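A.B. asks: sequence first, predicted model second:
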Amino acid sequence: MEVKAVGNEKRAQGDATRLALVVAARELFGERGYAATSIDEVASRAGVTKGAFYHHFAGKADLFQVVYEQVKREVSDQVVSVFNEPDHWKAVIGGCQLMIDAQLDPAVRRIALHDARSVLGWDVVRDIETRYGAVGIRGALRKAMHGGVIETQPLRPLALLLAGALSEACFYVADADDPVAAREEVGRLIVRILEGLKVSPQNQVTPRAVS
């Protein structure tokens with residue numbers, strides 16, 4: 001029993017160390033950016049040794065990927081809560097709009113928009129964006145189609161196209177000289193794009209259960 005207790009304690013200590021490193025890295029990456037943050041600084045802020053860092057992560061890029069996935073998962077959780085609202089049309093519109101707004105926090109923007117592609121490469125970023133972006137969009141579109149709100153279309157490619165458009169909208173707003181005006185522009189365009197998928201009133205059908 002003592003051996004098991006010691007093992008559990010070590011695992012708990014290891015989990016706490018890993019969490020401290022992720023929290024410290026997210027703060028530093030968000031404040032300074034990836035290039036300006038060193039492993040020594042992350043370890044120091046986390047209150048652990050550099051050796052402890054390398055026990056949990058292969059290097060700074062490995063840690064950055066964990067932070068990036070955490071950020072994308074949190075954004076996805078916020079968006080999915082809107083996608084799950086009962087009014088399918090408002091859910092799709094509101095979720096897509098929030099997907100942009102949630103990534104415009106300065107720290108989130110620096111991690112998810114400015115650094116991710118250069119640090120992790122396009123293939124890794126695309127895989128993560130698909131898991132935490134396109135999958136949620138696909139679910140919202142499926143509900144809207146089954147609810148008779150938007151026309152039935154090939155679901156996966158439509159979700160990927162919309163996710164890609166929203167990703168570029170985030171970059172457009174983040175890089176704009178006037179982010180407020182840019183945000184208004186892309187907000188209107190998102191609605192116009194989605195309205196092109198909407199079922200016309202005379203063709204609306206009775207909603208059916210989502211499979």
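C.D. replies: Ah, there it is. Residues are numbered from 1 along each chain as shown.
A.B. asks: quick one: residue 43 and residue 54 touch, right?
C.D. replies: No. Assessed by CB atoms under 8 Å, residue 43 is found out of contact with residue 54, at 9.3 Å. C-beta coordinates here come from the backbone N, C-alpha and C atoms, glycine included.
A.B. asks: higher neighbour count, the two?
C.D. replies: Shown here are residue 43 and residue 54; by other CB atoms under 10 Å, residue 43 has more neighbours (21 against 13).
A.B. asks: mind checking pLDDT for the more buried one?
C.D. replies: Note for residue 43: predicted pLDDT of 97.
A.B. asks: what's the distance between it and residue 11?
C.D. replies: Residue 43 sits 20 Å away from residue 11 when distances are taken as CB to CB, to the nearest Å.
A.B. asks: same thing with residue 112?
C.D. replies: Distance of residue 112 to residue 11, computed by CB to CB: 30 Å.
A.B. asks: okay, the two: which has more neighbours?
C.D. replies: Ranked by neighbour count (other CB under 10 Å), residue 112 and residue 11 place residue 112 first, with 26 against 10.
A.B. asks: just to be sure, that one is in a helix?
C.D. replies: Yes. Checked against DSSP: H, G, I helix; E, B strand; the rest coil, residue 112 lies within a helix.
A.B. asks: does it touch residue 70 like I think?
C.D. replies: No. Counting by CB under 8 Å, residue 112 does not reach residue 70; the two are 10.4 Å apart.
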